[in-house]
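Q: What follows is a predicted structure for the sequence shown.
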Number of protein chains: 2
Amino acid sequence: MCPVVMCRCLRVVSLACGGILCVVVPDIAYLRSVLPSTTEDAFFDYLCTVDASEVTVSSVPEGSVVFSRVPLLQVKGPLLVVQLLETTLLCLVNYASLVATNAARFRLLAGPEMKLMEIGLRRAQGPDGGLSASKYSYIGGFDYTSNVLAGKLYGIPVRGTIAHSFIMSFTSLEEVQPRVLPPLAGGEPVDLAALAESWLQRVCELLQSPPEKANRGELAAFVSYAITFPHNFQGLLDTYCVMRSGLPNFCAVALALHQLGYRAIGVRLDSGDLVQQSKEIRRVLRACGTTFQVPWFGSIPIAVSNDISEQSLESFIREGSEIDVIGVGTNLVTCPLQPSLGCVYKLVEVNGSPCLKLTEEEEKMTIPGIKAVYRLYDAAGHPFMDLMALEDEPAPNAGQELAVHVLGRRGEATEVRPAAVEPLHRTYFRDGQVCEVLPSLPEVRSHAQASLSRLSPAHRRLREPQPYPVAVTEKLHLLLAELRQARQ
Amino acid sequence: MCPVVMCRCLRVVSLACGGILCVVVPDIAYLRSVLPSTTEDAFFDYLCTVDASEVTVSSVPEGSVVFSRVPLLQVKGPLLVVQLLETTLLCLVNYASLVATNAARFRLLAGPEMKLMEIGLRRAQGPDGGLSASKYSYIGGFDYTSNVLAGKLYGIPVRGTIAHSFIMSFTSLEEVQPRVLPPLAGGEPVDLAALAESWLQRVCELLQSPPEKANRGELAAFVSYAITFPHNFQGLLDTYCVMRSGLPNFCAVALALHQLGYRAIGVRLDSGDLVQQSKEIRRVLRACGTTFQVPWFGSIPIAVSNDISEQSLESFIREGSEIDVIGVGTNLVTCPLQPSLGCVYKLVEVNGSPCLKLTEEEEKMTIPGIKAVYRLYDAAGHPFMDLMALEDEPAPNAGQELAVHVLGRRGEATEVRPAAVEPLHRTYFRDGQVCEVLPSLPEVRSHAQASLSRLSPAHRRLREPQPYPVAVTEKLHLLLAELRQARQ
């Protein structure tokens, strides 16, 4: 019963109106071709008229933390129409909430200062699966994406680094064209390749590393990149040997750039023992900073990637790494710790009568009727319980004692006295129209972080969190008992 | 080193031409907004002219079984252009091949007779992730999908069953409207609700089950469904109690339909011990068939769903289930046993010079140069080795001995004498044009099954398959050693 970040309800709402329920002529022709030939023409005529004009959707705001058993969305409307929406709604909510939750776990582990970059497009479920991953990772608390289309479509900040193949495409400094860069303050352009070579000698001397071990193709790639992006130079260090080639070459080019007034922005590692290497790199950067009197050199950001998981993050913190930026791909977008989220869509009322699906698993039993849902807060401002009531019950009042039945606990009612009460659901879509202003992506992202940070540490921790109680009112409890009885 | 079914290369090829490399004005405007302000205008002008007109792609045919280390695709063209293709190609190939491989594993376990239905849309990575899942599950050997849009777009046969919410929406036979159905042979319409009620008495007597335990809402739902689709009646048995309600109600309606000349098409179970229940259901269906003299009744197909995994399939076989149709969702589309496939895209030649990325992990080392790839077959028709050669080497001849170096094995060359030799790569895209007829989806599906069935059982088995050797020619081996030497 870990907390989950609820996502996509807003998008669903707009889609429900404009997209899903727009049945067009080729769709009807296709359905006619696959349904039994005895299907009446009138059914297809009816399908052409189906729309969401009688559908109302209420939901927790997108980005809210939610708990098992509490309805995320409630959909009202003609039975056929709301049944048609089932798979679409589940498809839109399940993965979106899963990946936002996964991203939020990475953010909790990394702490608020670490920069987190989503780099999962290569392993996502096709192009649109990748877009969903980028969008909901951002909502869950990531800072950047490497998916440029997601940047363009959703305004997510994009970041990337240089590729191994770019570095491997150079073999010597002869290939660098152009070779010169004007100093930032103006003046005659300087041969950066030659300048970097001379810095390489000094850096190698300092590091007591033989200069001939620094790969000249790699140096050429760095120089070429630095001339193109003098304000944004960064080095990927592990195409050849990090300590004898990548790092000396990077320092040489960064120091040459510094001499012309520019500042390098970072290094990246993509293999090996990332913690150990980050410490060695930091030591070398500091040594260069001191020896060559470049104070900012010691704090050049170190970025890492290479199959980063929650475990990796835990080891980074435990071992006191010097890492500043983390790229997470596969383990973010495919959620290997739990590759799917099992939200379901259940019938709870027909023609005004609440209904119930009994099952052998108590966890899977539905809670009947249209419900109001309240989050109850303690005096410290932490939520301590979610409470479901029947729609027509009065809302609980802050400061007043009330009797509730916690799901999964047998026996008597529990008395609680909330310091504050928050109704969780809002109606976003009424009679076929979006009826509430939808928040922007950054607003949803902030709401997710705020919603998570309000949790008490005991409920928020990733390992063995304290179970968060979900309860029903006395009245809903009695209805449940009555329907159960009737079904025995 | 399990075999993998290679997918999506053909789609990639067409996309490379028409889609990815079509940079348009809003894209340029966006890139300009996120790239450093020092980026030259000429670069953006150049980007507007980028296309795939100088790109050539060769690949193994889509649906082929492939092994680790063997290139799936080889892309030639201007460096910038082929680097732009990297992430797109990986995104298109990785998940597609992963899910096709996962589907093929289910097919291998289930055997050729079992009907397999993909039902994963609710847990896929958004709508397009779900479409990819449906398409590549079909290629991997599934028979049907529940994703109607995938049916419409790709021509995959669609199948579904009735929903619990449909059954729960009825409470009594009074709600059935209309109640009558004409017999298949013609004549006066008959009150099917009344007929089913009378059959329910006889069925319950046979089963020694109290008729009042059979839920009348469920019976009403079955009757209503049967009147609408008399040729396609099926029952979902586990909304209430399978043995006391779902099954007697199904038999009653199916026998009533039979009396009018129609044949029910199946039952479905979605919870509980599926093997045990399938046996009990088969026993009851046979008993009804015998008692009421309806010979086909005993062989009504039994479909199951509910978080089916490879393990479930193994237990179905081990315990001798009576299951005929299996719906697989979450464990098919999210591939929890291995949630991602790690194909990579590496530079192997620049300006005619082969290149090599050395790494500490031997498995990750690239094989330099543009390569021809051959699959070598033994006398029994099973492939026994994939061989990489340099592009300009003569192809190996069937029946002739040749010296090869198996990757991962140190020491002397191995002599092999293939009974047959198959070149694996074809050029699908040359100078910006698709240059080979692309197979249809059913053709790719057949090719995948044929490609898998040619494997020897030792290589094909799912648990601890015998490692399949991948080798290089003497000449490629020497080049590898030479480049390695140069990099030391």
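A: Structure received. Residues are numbered from 1 along each chain as shown, chains lettered A, B, ... in the order given.
Q: For chain A, give the helix that spans the most residues.
A: Counting by DSSP state H, the longest helix found in chain A is helix A:79-110.
Q: right, quick check: the helix or strand that it is followed by against chain B, any contact?
A: Once helix A:79-110 ends, the next helix or strand along the chain (criterion: DSSP states H and E) is strand A:115-118. No - between strand A:115-118 and chain B, judged by Cβ under 8 Å from any Cβ of the partner chain, nothing touches; the nearest distance is 12.8 Å. The way it works is simple: take the backbone N, C-alpha and C, and place the C-beta from them, glycine included.
Q: Name the residues of the stretch 251-400 of chain A found near chain B, please.
A: Counting by Cβ under 8 Å from any Cβ, the stretch 251-400 of chain A sits next to chain B at A:271-272, A:330, A:333-336, A:339-343, A:345-347, A:350, A:353, A:355, A:357-360.
Q: of the residues you listed, buried ones?
A: Among these, those classed as buried by 16 or more other Cβ atoms under 10 Å in any protein chain shown are A:271-272, A:330, A:333-336, A:339-341, A:343, A:345-347, A:350, A:355, A:357, A:359.
Q: Next up, the contacts around the residue nearest to the spatial centre of chain A.
A: The centroid of chain A falls nearest to A:Ser137 when counting by Cα atoms, centre = their mean (1.8 Å). Contacts for A:Ser137 (Cβ atoms under 8 Å, 6 or more residues apart in numbering or on different chains) come out as A:Val99, A:Ala100, A:Asn102, A:Ala103, A:Glu118, A:Gly120, A:Thr145, A:Leu332, A:Val333.
Q: cool, A:Lys115 as well?
A: Taking Cβ under 8 Å, 6+ apart, we find A:Lys115 in contact with A:Asp143, A:Tyr144, A:Pro301, A:Ala303, A:Asp324, A:Val325, A:Ile326.
Q: Out of these, which end up buried?
A: For the contacts of A:Lys115, a neighbour count by 16+ other Cβ under 10 Å gives the buried set as A:Asp143, A:Tyr144, A:Ala303, A:Asp324, A:Val325, A:Ile326.
Q: Please spell out which residues along the helix or strand where A:Ala252 lies are buried.
A: Using DSSP H and E, the element containing A:Ala252 is helix A:247-259. Of the residues in helix A:247-259, A:247-259 count as buried by neighbour count, 16+ other Cβ under 10 Å.
Q: Please state the offset of it from the chain centre?
A: 35 Å (Cα atoms, centre = their mean, to the nearest Å).
Q: List the contacts of that helix.
A: Contacts with helix A:247-259, where a contact means Cβ under 8 Å, 6+ apart, come from A:181, A:192, A:195-200, A:202-204, A:207, A:209, A:211, A:214-215, A:218-219, A:222-223, A:226, A:230, A:233, A:235, A:237, A:263-264, A:267, A:281, A:284-285, A:288, A:292, A:294, A:297, A:300.
Q: 6 Å - rerun?
A: A:192, A:195-196, A:199-200, A:203-204, A:209, A:214, A:218-219, A:222-223, A:226, A:233, A:235, A:237, A:264, A:267, A:284, A:288, A:292, A:294 (Cβ atoms under 6 Å, 6 or more residues apart in numbering or on different chains).
Q: Quick check: the closest residue to A:Gly77 other than its chain neighbours vs B:Leu121, distance?
A: Nearest residue to A:Gly77, sequence neighbours excluded (Cβ to Cβ, 6 or more residues apart in numbering or on different chains): A:Val55, at 3.7 Å. Going from A:Val55 to B:Leu121 by Cβ to Cβ, to the nearest Å gives 20 Å.
Q: ok, now A:Asp45?
A: According to Cβ to Cβ, A:Asp45 stands 27 Å off from B:Leu121.
Q: Compare these two and say which is more crowded by neighbours.
A: Higher neighbour count among A:Asp45 and B:Leu121: B:Leu121, with 26 against 10, using other Cβ atoms under 10 Å in any protein chain shown.
Q: residues contacting the more buried one?
A: Counting by Cβ under 6 Å, 6+ apart, B:Leu121 has contacts A:Thr87, A:Cys91, B:Gly130, B:Asn147.
Q: Tell me which stretches of the stretch 101-250 of chain A form helices.
A: A:126-140, A:148-154, A:164-168, A:192-207, A:216-228, A:247-259 (DSSP state H, counting those that start in this stretch).
Q: Format these as TSV; extra columns: mean pLDDT.
A: Converted to TSV, the helices of the stretch 101-250 of chain A look like this (pLDDT from 0 to 100):
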stretch	mean pLDDT
helix A:126-140	90
helix A:148-154	94
helix A:164-168	89
helix A:192-207	98
helix A:216-228	97
helix A:247-259	98
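Q: on that earlier part again, among the buried residues of helix A:247-259, which two are most distant?
A: Greatest spatial distance in the buried residues of helix A:247-259: A:Leu247 and A:Gln259, 18.6 Å, computed using Cβ to Cβ.
Q: Done for today, thanks.
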